[in-house]
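J.: model this:
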Amino acid sequence: MSVSAEFSIKFCFIFFYTFRNILSIVYASFLFFASNDGAPNDAKKKSSVRARSALLFLRNEKKLQTYMGSARRRAGRSRSRVREKPSSGEEQKRIVHLWQVDENGKLKGAQRALEGSNMLTTKKSTCYGVISALKSVVLPVGYPDSVAPEYITFQIFDTIQEACGYFRGLLNSQAFLTGLGVGDASISPVGAVVITLILAYPAMVSGLLVGSFPKLVSSFGKRQKQYQVFKEFLDLLGNTLSLIAPAYSHNEFLALACIGAAITAVASVIGSVSRSPLIAHLALENNFGDCAAKESNQSRLLKLILIFAGFKFLLWVNTKNSFVYIAFATLSIFKIYFLALSMKTLSLRTFNEQRLFIALRSWQRDRRWKVPSPKDVSLKESLFYTSSGIHVAYSPDKVSREVSSLTKRQLADLVKAHEKVGAKYLTLSKDVLLLPRDQKLAIRDQLMAYMHIHRLRVVDESAWKALEFAAEHVDDFMKQANANGWTTEHALLL
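T.: The predicted model follows:
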């Protein structure tokens with residue numbers, strides 16, 4: 001077997017074993033942190049009951065005499081005499097003292113059980129105190145009632161993909177420092193700082209350019225899951241260029257590193273914009289700030305735990321040059337995989353194009369006309385969805401071809417039909433939607449417009465019948481959707 005194949009087998013085995021343990025530890029920790037806060041009190045109560053029972057046993061005169069008599073008979077001799085009715089507290093202490101020095105040692109055991117019970121109570125109190133402190137650091141206040149039901153599952157997958165990103169980031173940092181000339185006596189600190197400034201310039205410019213297009217930024221927030229995955233592929237491309245850049249000459253290193261930094265900056269903007277609605281979805285009680293803060297705390301705690309492992313990881317991968325690239329590729333695959341799993345666990349409650357069409361398709365196929373729940377829709381949601389192909393225009397000039405294909409009579413009848421049902425839009429075809437320029441469409445009108453287009457696409461009937469169907473059923477659809485957990489106060493459609 002070749003060295004490369006042997007390394008690949010060993011690396012995959014170590015990687016799977018490590019992440020299996022990490023997954024088990026993280027899952028157990030979250031469940032343990034989320035346990036009932038009454039558990040410490042119950043433990044204290046049980047310990048105190050055991051303590052009181054032991055004290056009553058020691059203070060019971062008849063049991064004490066019977067116990068000591070049997071002990072003397074078994075030992076064959078006695079070291080003391082016990083009076084039937086002690087007359088004072090000193091006599092009681094003397095009896096306990098005599099029992100402690102008895103040869104049989106049973107009273108010693110009872111005394112040790114009493115002391116052990118107190119020590120156990122103290123240890124449990126300390127343990128639960130530490131757990132409560134950790135819980136307040138990594139979990140939002142009021143968990144689990146204050147967050148979405150899939151919070152723990154999402155955080156487990158998200159933590160694993162972030163761990164993969166941490167180790168991959170170490171490889172990129174090492175490559176970046178190598179490109180700066182760390183270890184080369186001919187490179188001055190000023191030169192290294194200048195190269196850093198040069199690389200920061202394209203990153204900042206590209207980030208500003210992406211954030212300056214409102215429609216583009218708005219699309220990031222409408223298709224959060226899809227752009228999270230797209231961001232990860234962009235980030236992989238940028239990090240790959242940064243990783244291979246030091247292998248080339250100085251000028252080529254600068255060019256590749258600048259392109260990689262620009263791509264990574266674009267991915268960072270896309271990731272931050274598309275992730276904010278996801279955190280808002282997890283926060284059920286208007287605790288977005290708390291959930292966002294706990295997200296940051298989880299990242300810091302993870303990096304704090306992985307610092308030593310990262311040091312060992314760097315020592316290991318640098319034993320051979322090919323190990324760096326194999327580790328980078330493996331970590332990237334696992335990072336994308338666990339990110340996709342974390343996105344699939346989310347059951348977003350706000351309609352966008354894809355979720356609305358999935359719900360409408362299931363609603364029309366169901367004989368009971370039942371709207372599916374957000375969880376049912378999330379199972380059918382694709383992470384590689386691009387667009388429904390609907391062209392939304394706010395001016396007739398933008399859809400001049402569709403308008404010109406209609407006669408004046410047809411256009412007048414179309415406008416009249418829409419006004420008759422109270423529609424504030426025009427559906428020129430199954431792919432073109434004309435909206436008023438200076439008027440924001442209400443949620444009902446948005447859902448009605450998309451229901452009208454969906455009806456045109458899946459049912460072979462005239463535009464007027466499809467319009468009447470949408471106007472007749474939109475209110476019932478919204479009522480059922482709201483009852484099944486959907487948010488009908490706002491939508492991510494237009």
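J.: Name the nearest residue to residue 166, ignoring sequence neighbours.
T.: Spatially, and ignoring its direct neighbours in sequence, residue 166 is nearest to residue 306 (5.6 Å; C-beta to C-beta, 6 or more residues apart in numbering). Where you see a C-beta, it was placed from the backbone N, CA and C, and this is true even at glycine.
J.: On the three-state scheme, that neighbour is what?
T.: Using DSSP: H, G, I helix; E, B strand; the rest coil, the three-state assignment for residue 306 comes out as helix.
J.: okay, now it: neighbour count?
T.: 17 (other C-beta atoms under 10 Å).
J.: thinking it is in contact with residue 163, fair?
T.: Yes: contact criterion C-beta atoms under 8 Å: residue 306 and residue 163 qualify, at 6.3 Å.
J.: Now the helix or strand containing residue 170: buried residues?
T.: Following DSSP states H and E, one finds residue 170 within helix 151-180. Judged by neighbour count (16 or more other C-beta atoms under 10 Å), helix 151-180 contains these buried residues: 151-168, 170-172, 174-176, 178-180.
J.: Identify the residues contacting residue 256.
T.: 241, 242, 244, 245, 248 (C-beta atoms under 8 Å, 6 or more residues apart in numbering).
J.: which secondary element of this structure has the worst mean pLDDT?
T.: The helix or strand with the lowest mean pLDDT-type score in the chain, counting by mean pLDDT, DSSP states H and E, is helix 39-59 (a mean of 41).
J.: all strands for this structure, in order.
T.: Taking DSSP state E as the criterion, the chain contains strands spanning 350-352, 391-393, 426-427, 432-434, 487-492.
J.: For the shortest one, name the packing helices and strands.
T.: In other words, strand 426-427. helix 408-420, strand 432-434, helix 443-458 (3 or more C-beta pairs under 8 Å, 6 or more residues apart in numbering; DSSP states H and E).
J.: try the fourth one
T.: Taking 3+ C-beta pairs under 8 Å, 6+ apart as the contact definition, the neighbouring helices and strands of strand 432-434 are strand 391-393, strand 426-427.
J.: mind giving me TSV with the ones you listed and columns for distance to residue 459?
T.: Converted to TSV, those look like this (distance: least, C-beta to C-beta, whole Å):
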stretch	distance to residue 459
strand 391-393	21
strand 426-427	14
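J.: Domains in the protein, by residue range?
T.: With domains defined by automatic domain parsing, the chain comprises 39-138, 143-346, 351-492.
J.: ok so, going back, return the most buried member of the strands of the chain.
T.: Among the strands of the chain, strand 426-427 has the highest mean neighbour count (mean count of other C-beta atoms under 10 Å), at a mean of 24.
J.: How far away from the center of its chain is that strand?
T.: Counting by C-alpha atoms, centre = their mean, to the nearest Å, strand 426-427 is centred 40 Å from the centre of its parent chain.
J.: How about stretch 427-438?
T.: The answer for stretch 427-438 is 37 Å, by C-alpha atoms, centre = their mean.
J.: re earlier: is it possible to get CSV of the helices and strands packed on strand 432-434 that adds distance to residue 438 and mean pLDDT?
T.: Listed next are the helices and strands packed on strand 432-434 as CSV, based on distance: least, C-beta to C-beta, whole Å; pLDDT from 0 to 100:
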stretch, distance to residue 438, mean pLDDT
strand 391-393, 14, 87
strand 426-427, 15, 88
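J.: And those strands: which comes nearest residue 253?
T.: Taking C-beta to C-beta, strand 391-393 is the member of the helices and strands packed on strand 432-434 nearest to residue 253, at 44.3 Å.
J.: what's in contact with stretch 233-245?
T.: 168, 171-172, 175-176, 179, 252-253, 256-257, 259-264, 266-268, 270-271, 324-325, 328, 332, 336.
J.: What of stretch 172-181?
T.: Here stretch 172-181 makes contact (C-beta under 8 Å, 6+ apart) with 187, 191-192, 195-196, 239, 242-246, 253, 257, 314, 318, 324.
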